[in-house]
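1. quick one: sequence plus predicted model below, questions after.
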Amino acid sequence: MTETPIKVRRHLSGDLRYRLLKHLAEQPQASQRQLYEVLGVSVGSLNDCVNALIERGWVKVTNFRNSHHKLAYAYLLTPSGIEAKTRIAVRFLQRKLEEHEALAQEIAQLRHPWTNALPNPGTAGSASC
């Protein structure tokens with residue numbers, strides 16, 4: 001039982017990392033407030049994740065002035081960040097395809113619950129009418 005939550009937590013972390021890198025690539029001037037609203041995580045979790053990306057060298061932070069003449073930040077993906085985003089995107093896609101396949105199989109079983117209960121007509125010992 002203890003392995004499942006850890007495995008799920010890793011996937012959530014990987015999903016969050018992918019979604020954050022994707023969003024930063026598309027909108028580097030997004031504020032942390034905008035990011036946490038879009039990603040649906042707490043400000044603290046988002047801050048930890050952004051700092052981890054910066055420490056890994058995947059994101060570089062630069063200052064700029066926004067339209068209200070306030071100092072703001074732009075989160076720019078570095079070349080290694082772009083490579084990491086690509087690798088993470090491939091893993092994300094593989095994981096989602098595996099989840100899709102598992103769900104499709106489960107749905108098929110739920111749609112036809114009697115198929116597992118019926119005897120196979122080609123097996124020995126099956127009665128025929």
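-> Nice, I can see it.

2. report the longest helix in this protein, please.
-> The single longest helix within the chain, with elements called by DSSP state H, is helix 79-111.

3. and that one, which residues are buried?
-> Buried positions in helix 79-111, judged by neighbour count with 16 or more other Cβ atoms under 10 Å: 81, 84-85, 88, 92. Where C-beta positions appear, they are placed from N, C-alpha and C, glycine not excepted.

4. and that helix, how far out from the chain's middle?
-> Distance of helix 79-111 from the chain centroid (Cα atoms, centre = their mean, to the nearest Å) equals 8 Å.

5. returning to that earlier point: with distance to Val38 added, can I get the buried residues of helix 79-111 in a markdown table?
-> Listed next are the buried residues of helix 79-111 as a markdown table, based on distance: Cβ to Cβ, whole Å:
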| residue | distance to Val38 |
| --- | --- |
| Gly81 | 18 |
| Ala84 | 20 |
| Lys85 | 16 |
| Ile88 | 17 |
| Phe92 | 17 |
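
6. which one of those is nearest to Ser45?
-> Nearest to Ser45, judged by Cβ to Cβ, of the buried residues of helix 79-111 is Ile88 at 17.4 Å.

7. ok, and the closest non-adjacent residue to the closest one?
-> Here the nearest residue to Ile88 in space, its sequence neighbours aside, is Tyr18; by Cβ to Cβ, 6 or more residues apart in numbering that works out to 4.7 Å.

8. in stretch 22-31, which residues are buried?
-> Buried residues in stretch 22-31, counted by 16+ other Cβ under 10 Å: 23-24, 28, 30.

9. now that stretch: average pLDDT?
-> Averaging pLDDT along stretch 22-31 gives 92.

10. end to end on it, go ahead and measure it.
-> End-to-end span of stretch 22-31 (Cα to Cα, to the nearest Å): 15 Å.

11. just to revisit the earlier point, which of the helices or strands spans the residue nearest to Ile88?
-> Per DSSP states H and E: Tyr18 is located in helix 3-26.

12. list the buried residues of whichever helix or strand comes after that helix.
-> Using DSSP H and E, the helix or strand that follows helix 3-26 in sequence is helix 32-39. By 16+ other Cβ under 10 Å, the buried positions in helix 32-39 come out as 35-36, 39.
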